[in-house]
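Trainee: Have a look at this prediction, sequence included:
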Amino acid sequence: TLVTPSPRPPSYSLASLIPDTLAGLRELLPPWVLAVPKSKTTHSKKSMRSSNKGLKEQQGIVGCPSCGTPKRAHHVCHHCHKDFRQTLHRQAKEQG
């Protein structure tokens, strides 16, 4: 009496499940595509990576020529802009 081995179920890899229309992509992907970090990122590593994300010291701070408050170069002074808008609104109310 001869015992015949039972047929094995076919084993599928991820690359074999990709359709033939993406055959070029199948060659690029290894069977284990999942990208998982090897270990937990420590608090120290996270802190060192984010250490340069803080506020930078502002360059180009000048005094406003009309009122003297500090402002960024080539920008409108907030104080003067606010005063200008208030006078415009006042004039518009007087006329309208």
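Mentor: Yes, it's here.
Trainee: Stretch 43-55: which residues count as buried?
Mentor: Within stretch 43-55, no residue qualifies as buried by neighbour count (16 or more other C-beta atoms under 10 Å). C-beta: built from backbone N, CA, C; applies to glycine.
Trainee: let's have the chain start at 15 instead
Mentor: Let's use 15 as the start, then, which means that last one is stretch 57-69.
Trainee: what's the span of it from first residue to last?
Mentor: End-to-end span of stretch 57-69 (C-alpha to C-alpha, to the nearest Å): 21 Å.
Trainee: and that stretch, average pLDDT?
Mentor: Throughout stretch 57-69, pLDDT has a mean value of 91.
Trainee: Now do the SS call for residue 50.
Mentor: Per DSSP: H, G, I helix; E, B strand; the rest coil, the local secondary structure of residue 50 is coil.
Trainee: which secondary structure elements does the helix or strand where residue 62 lies contact?
Mentor: Under the criterion DSSP states H and E, the helix or strand holding residue 62 is helix 57-63. Counting contacts by 3 or more C-beta pairs under 8 Å, 6 or more residues apart in numbering; DSSP states H and E, helix 57-63 packs against no other helix or strand.
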